[in-house]
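>>> Let me see the structure of the following:
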Amino acid sequence: MQELLNRVPLARRLAELRAHIQGIPLQRVKLDGLEIAGAESCWVAYREWGSGIPLLFLHGFMATHANWWLLMQGLGSGYRCIALDLLGFGQSSQPALRYDIAAEVAFVRGFVQALDLSAPVVIGHSFGGWVGAAYGVRYPLRGLVLLAPAGIRDDSFVGRYNHLRPLLWETAWVDGLLQAAIPLARWWHQEDKLAQILWLRGSLRQQPVARQFLLHRLRPEDAVDTIENHIHCIQAPTLVIAAEEDDTIPLWHCQTYAERIPGAQLKILPGASHAIPAFHSEQVLPFMQEFLSSI
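Residues are numbered from 1 along each chain as shown. I've put the predicted structure just below:
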């Protein structure tokens, strides 16, 4: 099965980034008194690189703090780059609770206070962009950078991934069927598609947040914590970066952020896919450097 998983480009890239960032000591800090029912005390795992104005990096679904390594390298000469695993991801605490954006914002707020970061620049990708924007609605920031951010209500999402719902089921027979499908996939030359499904299954089982968010948002009426109606309250200078060939977050989501956040800038990365931190750091770095120098 591992041979098949090696066919997934994103899986290979994430493994490379995890290997590279191992040279930076992993740090942990305990947060107490969090406003999260059932998770008032949690551990945060994070790494930091460089010195200067603090940049706080928030990763997306199926990801960890390691995804930011390339951008941290590019920015570390002038900034204190801090990348953490969000609540329920990576090596941070994974308490048994019903996850939502409010819990992630409370987790990030506790971390900001624990490290005495005051008003950092928050840089968020996809799910992390959603969390970062929600944080910016409530708390002061020096700046906000959103890379292909999620968080805009879009009822077309419902039904788009219906065929993947069995991947969310906690039952061994799903894994058995996938294992049995390997020789058939090879026969029909569908190894790449099956490899993607196997990787998604494994990632969802390892990350309770990702699995719960999908399980609890299978109907339009379940989208109760999107933030399109609140982002006009963000006062921090904001840069929104969209990927031209993003098949996960439509361009109009990024445009909504840019139009509703006062004074926000919108940049579009030509030919880029959704996995901006992993595959397009060289493209995005000049935009981020220009924005950060302006604030």
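>>> alpha carbons only for contacts and neighbour counts from here, please
OK.
>>> got the residue ranges for the helices in the stretch 101-250 of the chain?
101-114, 127-138, 172-187, 191-206, 208-215 (DSSP state H, counting those that start in this stretch).
>>> rank those helices by pLDDT, which is bottom?
Between the helices of the stretch 101-250 of the chain, the one with the least mean pLDDT is helix 172-187; it has a mean of 63.
>>> name the helices or strands packed onto the helix or strand hosting residue 11?
According to DSSP states H and E, residue 11 maps onto helix 9-21. Helix 9-21 sits against helix 69-75, helix 276-279, with contacts defined as 3 or more C-alpha pairs under 8 Å, 6 or more residues apart in numbering; DSSP states H and E.
>>> Check which residues of whichever helix or strand comes after it are buried.
Following helix 9-21 in sequence order, the next helix or strand is strand 27-31 (DSSP H and E). Of the residues in strand 27-31, residue 31 count as buried by neighbour count, 16 or more other C-alpha atoms under 10 Å.
>>> relative to helix 101-114, how tilted is strand 27-31?
110 degrees (axes from the mean of the first three to the mean of the last three C-alpha atoms, to 10 degrees).
>>> Show me what the following helix or strand past strand 27-31 is packed against.
Moving toward the C-terminus from strand 27-31, the next helix or strand (DSSP H and E) is strand 42-49. With contacts taken as 3+ C-alpha pairs under 8 Å, 6+ apart, strand 42-49 sits against strand 27-31, strand 79-84.
>>> which outside residues touch strand 42-49?
24-32, 65, 72-73, 76, 80-87, 90-93, 111 (C-alpha atoms under 8 Å, 6 or more residues apart in numbering).
>>> mind listing what's buried in stretch 265-277?
In stretch 265-277, counting by 16+ other C-alpha under 10 Å, buried: 265, 266, 267, 268, 269, 272, 273, 274, 275, 276, 277.
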